[in-house]
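1. Okay, sequence plus prediction incoming.
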Amino acid sequence: MSAISSNGADTHPICLTLNGQSRTLQVHPWVTLLDLLREQLDLVGTKKGCDHGQCGACTVLRDGKRVNACLTLAIMCDGADLVTIEGLASGDVLHPMQRAFITHDAFQCGYCTPGQICSAVGLAHEGRADNREAIREQMSGNLCRCGAYGNIVAAVEEALPLMRDGIEPQRGQNP
Amino acid sequence: MTPFSYHKPNSVSEAVNLADACSHFIAGGTNLVDLMKENVVRPTRLIDISGLGLNDIHPTPGGGVLIGARVSNADLAWHPMIEQHYPLLSDAILAGASPQLRNMASTGGNLLQRTRCYYFYDTGTPCNKREPGSGCPARTGMNRMHAILGASDACVATHPSDMCVALAALEAVVHVQGPSGERQIPFADFHRLPEDTPERDNQLAFDELVTGIELPPPMFEHHYRYLKIRDRASYAFALVSVAAALNFDGEVIQQARLTLGGVAHKPWRDLAVERMLVGQVPSEALFTRAAQTLLQGAQPLSHNGFKVTLAQRAIVRALDDAARGAANGGARP
């Protein structure tokens, strides 16, 4: 058995990989991954929308799979490989999905955008969307109250083959 | 969230021995963490089962499949064996929740998710399921999403799962382990009707853990349909859902399974209606008769009367689609 607490006030150590860096952290059992990222690690790119798993604004990648950080207890991320919106670009080179969102103007206020992009990267990893209808269905866990859905779907549609082929779109490209 | 202690056991026996009346097991946490945030559920001890394995899908000697309780909903829906031999189950899972939630949510946890009744979630209102004896505001209040079959004076909540509707139709068996050993529960007996104890959703004791779900050998690989009717095209709970599965001898129905979701405290299966279909040739008249018979005892509430007609039409359409093999590439005129 590991990480036993007989006292609810205890914190527990967790080790995880966060955006490529190994981190050892102390967490209370009731802290969500979303609050850990935003409140303790200053990674505020991941957004708190509904905090109930209904809007997708908090979507991050856990071991390559998209999950809702608001419904994930940080303590249960011991050993996980986590990527947030801050970890998608390589230095100054944006991730193909980020570029596609810019190319297609796939946002208005931008609040849902980090979650949309992380979700779309997870969708690409899953490899189950090969047409617009499938993209729409498989992006349904991410709400956009500005209603930028049309451009979001177009961005995802453009980035999918680029991610598959390892090619990045050119900045400003407007197909 | 109310503070709690956290435990991560390394074996099932260790896990069930840690359990007490105020503890909760946690797997994906997609429903439980939400309920804890709302103070609807306040465990003093959380038992994380992620160290127990239970995340394989493998064939059984009898020709079926055993699904570990920790297999995620996404991994289950997209497993080659499930997609090929139990496509009704894949379709039902993919009709539920969002991709993020399906990546997190476990097979066992899907069975144990709580109703999404607004009053159950709102700790400012009475609810017999949350606080036994406090009353049921849904009976006379906002009850559009609520039950039309098998409800009681105490509770009109529905079970929210899509996956469970397919598991009921497929006659899955729930594998359970407690401190005194293992037992297997037929799916039809796992969830219960509310009666006068709606606080109990199912037959599990507090120290029993779902370890797996067993599916019998595949029988409905061609003629099946999971039809979900909801308020928007994706990512919403069912108003009504239908799992229909048929087997044919020539043109005659040899076996029939019909289960409804969104209408009762548990997946609603009517064996008498299934028997009506056996030995018959598919027709709209037959399916309509079956649908009317199934809904005969429906007792709609003030805002969900539409569900009776909706369920009847959904049954006819799902059976028609199943008969034609529509979900399997067969044409639907």
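-> Sure thing, it's come through.

2. And the helices in the chain?
-> Going with chain A. In chain A, the helices defined using DSSP state H lie at A:33-35, A:96-103, A:113-126, A:132-138, A:149-165.

3. Chain B is the one I meant
-> B:12-18, B:32-37, B:73-77, B:80-85, B:87-94, B:99-104, B:107-112, B:118-121, B:163-169, B:187-190, B:271-277, B:284-294, B:306-324.

4. Residues of chain B that sit close to chain A?
-> B:1-10, B:14, B:26, B:29-30, B:33-34, B:36-37, B:44, B:46, B:48, B:50-51, B:74, B:78, B:97-101, B:103-104, B:233-235 (C-beta under 8 Å from any C-beta of the partner chain). C-beta coordinates here come from the backbone N, C-alpha and C atoms, glycine included.

5. of those residues, buried ones?
-> B:1, B:4-9, B:26, B:29-30, B:33-34, B:36-37, B:46, B:48, B:50-51, B:74, B:78, B:97-101, B:103-104, B:235 (16 or more other C-beta atoms under 10 Å in any protein chain shown).

6. So which residues make contact with stretch B:280-292?
-> If you take C-beta atoms under 8 Å, 6 or more residues apart in numbering or on different chains as the criterion, stretch B:280-292 is touched by B:246, B:251-253, B:258, B:273, B:276-277, B:311-313, B:315-316, B:319-320, B:323.

7. Pick out the most distant pair among those.
-> Distance extremes for those: the farthest pair is B:Glu251 and B:Ala311 at 26.6 Å, using C-beta to C-beta.

8. between those two, who's got more neighbours?
-> B:Ala311 (26 against 9; other C-beta atoms under 10 Å in any protein chain shown).

9. wait, that one sits on B:Gln296?
-> No. Using C-beta atoms under 8 Å, B:Ala311 is not in contact with B:Gln296, being 11.6 Å away.

10. hey, what's in contact with both of those two?
-> Counting by C-beta under 8 Å, 6+ apart, nothing touches both B:Ala311 and B:Gln296.

11. tally of neighbours for the closest residue in space to B:Ser161 that isn't next to it in sequence?
-> Sequence neighbours aside, B:Asn110 is the residue nearest to B:Ser161 in space, at 5.6 Å (criterion: C-beta to C-beta, 6 or more residues apart in numbering or on different chains). By the measure other C-beta under 10 Å, the count of residues near B:Asn110 is 28.

12. Show the contacting residues for the closest residue to A:Val153 other than its chain neighbours.
-> Closest residue to A:Val153 apart from its sequence neighbours, by C-beta to C-beta, 6+ apart: A:Ile135 at 5.3 Å. Neighbour list for A:Ile135: A:Leu123, A:Ala129, A:Val153, A:Val156, A:Glu157, A:Leu160 [criterion: C-beta under 8 Å, 6+ apart].

13. Please name the residues that touch the third one.
-> If a contact means C-beta under 8 Å, 6+ apart, then A:Val153 has A:Arg132, A:Ile135, A:Arg136, A:Met139 as its contacts.

14. Quick check: it vs A:Phe101, distance?
-> 11 Å (C-beta to C-beta, to the nearest Å).

15. how is chain A carved up into domains?
-> A:12-87, A:96-165 (automatic domain parsing).

16. Right, and chain A sits closest to which residue of the stretch 201-333 of chain B?
-> The nearest approach of the stretch 201-333 of chain B to chain A comes at B:Ser234, 3.7 Å away (C-beta to the nearest C-beta).

17. Excluding covalently adjacent residues, which one is nearest to residue 32?
-> By default, I'm working from chain A. Nearest to A:Thr32 is A:Cys70, by C-beta to C-beta, 6+ apart, at 5.7 Å.

18. actually it's chain B I care about, not the one you picked
-> Closest to B:Leu32 by C-beta to C-beta, 6+ apart is B:Ile26, at 5.6 Å.

19. Report the contact partners of residue 147.
-> Defaulting to chain A. A:Gln108 are the contacts of A:Gly147 under C-beta under 8 Å, 6+ apart.

20. try chain B instead
-> B:Val156, B:Ala157, B:Thr158, B:Val263, B:Ala264, B:His265, B:Leu301.

21. could you dump those to TSV with pLDDT?
-> Output for the contacts of B:Ala147, formatted as TSV (pLDDT from 0 to 100):
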residue	pLDDT
B:Val156	98
B:Ala157	98
B:Thr158	98
B:Val263	98
B:Ala264	98
B:His265	98
B:Leu301	98
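
22. neighbour-wise, which of these leads?
-> Neighbour-wise, these (other C-beta under 10 Å) top out at B:Val263, 32 neighbours.

23. residues contacting it?
-> B:Ala147, B:Ile148, B:Leu149, B:Thr158, B:Val240, B:Ala298, B:Lys307, B:Ala311.

24. ok, and the closest non-adjacent residue to the last one?
-> Leaving out its chain neighbours, the residue that sits closest to B:Ala311 by C-beta to C-beta, 6+ apart is B:Val240, at 4.7 Å.

25. now swap in the third one and tell me
-> Residue nearest to B:Leu149 in three dimensions, not counting chain neighbours: B:Ala264, with 4.5 Å by C-beta to C-beta, 6+ apart.

26. list the contacts for that neighbour?
-> Counting by C-beta under 8 Å, 6+ apart, B:Ala264 has contacts B:Ala147, B:Ile148, B:Leu149, B:Gly150, B:Ala151, B:Thr158, B:His159, B:Leu193.

27. at 6 Å what do you get?
-> By C-beta atoms under 6 Å, 6 or more residues apart in numbering or on different chains, the contact list for B:Ala264 reads B:Ala147, B:Leu149, B:Gly150.

28. okay but the last one is in contact with B:Leu193, surely?
-> Yes. In terms of C-beta atoms under 6 Å, B:Gly150 counts as a neighbour of B:Leu193; the distance is 4.7 Å.

29. how far away is B:Arg116 from chain A?
-> 11 Å (C-beta to the nearest C-beta, to the nearest Å).

30. What count of nearby residues applies to the residue of chain A found nearest chain B?
-> Taking C-beta to the nearest C-beta, chain B has its nearest neighbour within chain A at A:Gly141, 2.6 Å off. Counted by other C-beta under 10 Å, the residues lying close to A:Gly141 total 26.

31. for the one 3 residues further on, same thing?
-> For A:Cys144, the tally of surrounding residues (other C-beta under 10 Å) stands at 23.

32. How about B:Thr123?
-> As a measure of burial, B:Thr123 has 12 neighbours, counting by other C-beta under 10 Å.

33. give me every residue that touches it.
-> Counting by C-beta under 6 Å, 6+ apart, B:Thr123 has contacts B:Asn39.

34. A:His28 reaches A:Thr11, doesn't it?
-> Yes. Between A:His28 and A:Thr11 there is a contact at 5.5 Å, judged by C-beta under 6 Å.

35. pLDDT at B:Gln280, what is it?
-> Per-residue pLDDT puts B:Gln280 at 98.

36. Likewise for the one 4 residues further on?
-> According to the prediction, B:Glu284 has pLDDT 98.

37. just B:Leu32 next, same as before
-> 98.

38. residues making contact with stretch B:131-143?
-> Outside stretch B:131-143, the residues touching it (C-beta under 6 Å, 6+ apart) are B:117-119, B:125-126, B:128, B:146, B:155-156, B:199, B:301, B:303-304.

39. What residues sit buried inside that stretch?
-> Neighbour-count burial for stretch B:131-143 flags B:Cys136, B:Pro137, B:Ala138, B:Arg139, B:Asn143 (criterion: 16+ other C-beta under 10 Å).

40. So the residue nearest to A:Val153 versus B:His79, what's the distance?
-> From A:Ile135 to B:His79 the distance is 23 Å (C-beta to C-beta).

41. now the closest residue in space to B:Pro198 that isn't next to it in sequence: how far from B:Leu46?
-> Spatial nearest neighbour of B:Pro198, chain neighbours left out: B:Cys155 (3.3 Å); criterion: C-beta to C-beta, 6+ apart. Distance of B:Cys155 to B:Leu46, given as C-beta to C-beta: 26 Å.
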